[in-house]
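Enquirer: Here's a sequence, model it:
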Amino acid sequence: MKAGWEIKTLGEVCEDFADGDWIESKEHLFEAAFAATSKRVVVKSPDYAPPLGGKPSESFAGKLLRYDVYFKR
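Expert: Next comes the predicted model:
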């Protein structure tokens, strides 16, 4: 299954940043995702967290979570 493989890969990447460099690594993951896409990146965050990639193009907020959408122009 493709979804299982993607989650496993993400888990392996995140293990590399378990030593406390997590904030910096989130920014690097966002930059890598934005560079790799041709259309958009969607970031799921807690509602209280600051936006990861600056001001998002769109944002959808719920009671506990927020989805920030960054479009490539």
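Enquirer: drop to CA atoms for contacts and neighbour counts, all remaining ones
Expert: Fine.
Enquirer: For the protein, just list every one of the strands.
Expert: Secondary structure of the chain, counting by DSSP state E: strands at 40-46, 58-61, 65-71.
Enquirer: Compare those and give me the one nearest Ser25.
Expert: Closest of these to Ser25 is strand 40-46, at 14.2 Å (criterion: Cα to Cα).
Enquirer: now the angle from that closest one to strand 65-71?
Expert: Going by axes from the mean of the first three to the mean of the last three Cα atoms, to 10 degrees, strand 40-46 is angled at 160 degrees with respect to strand 65-71.
Enquirer: contacting residues around strand 40-46?
Expert: By Cα atoms under 8 Å, 6 or more residues apart in numbering, the residues outside strand 40-46 that reach it are Ala33, Phe34, Leu52, Leu64, Leu65, Arg66, Tyr67, Asp68, Val69, Tyr70, Phe71, Lys72.
Enquirer: contacting residues around the third one?
Expert: Read that as Leu52. Leu52 sits next to Lys26, Glu27, Phe30, Val43 when contact means Cα under 8 Å, 6+ apart.
Enquirer: Asp68: neighbour count?
Expert: Residues lying near Asp68 (other Cα atoms under 10 Å) number 22.
Enquirer: Buried among the contacts of strand 40-46? Make that a PyMOL selection.
Expert: If you want just the buried ones from the contacts of strand 40-46 in PyMOL, going by 16 or more other Cα atoms under 10 Å, the selection is:
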select buried, resi 34+52+66+67+68+69+70
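Enquirer: Farthest-apart pair in the contacts of strand 40-46, please.
Expert: Applying Cα to Cα across the contacts of strand 40-46, the maximum distance is between Leu64 and Lys72, 26.5 Å.
Enquirer: picking up where we left off before, can the strands of the chain go into JSON lines with extra columns for mean pLDDT?
Expert: Putting those into JSON lines (pLDDT from 0 to 100) gives the following:
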{"stretch": "strand 40-46", "mean pLDDT": "90"}
{"stretch": "strand 58-61", "mean pLDDT": "95"}
{"stretch": "strand 65-71", "mean pLDDT": "94"}
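Enquirer: which residues of the chain score low on pLDDT?
Expert: Within the chain, the ranges that satisfy pLDDT under 70 run 1-24.
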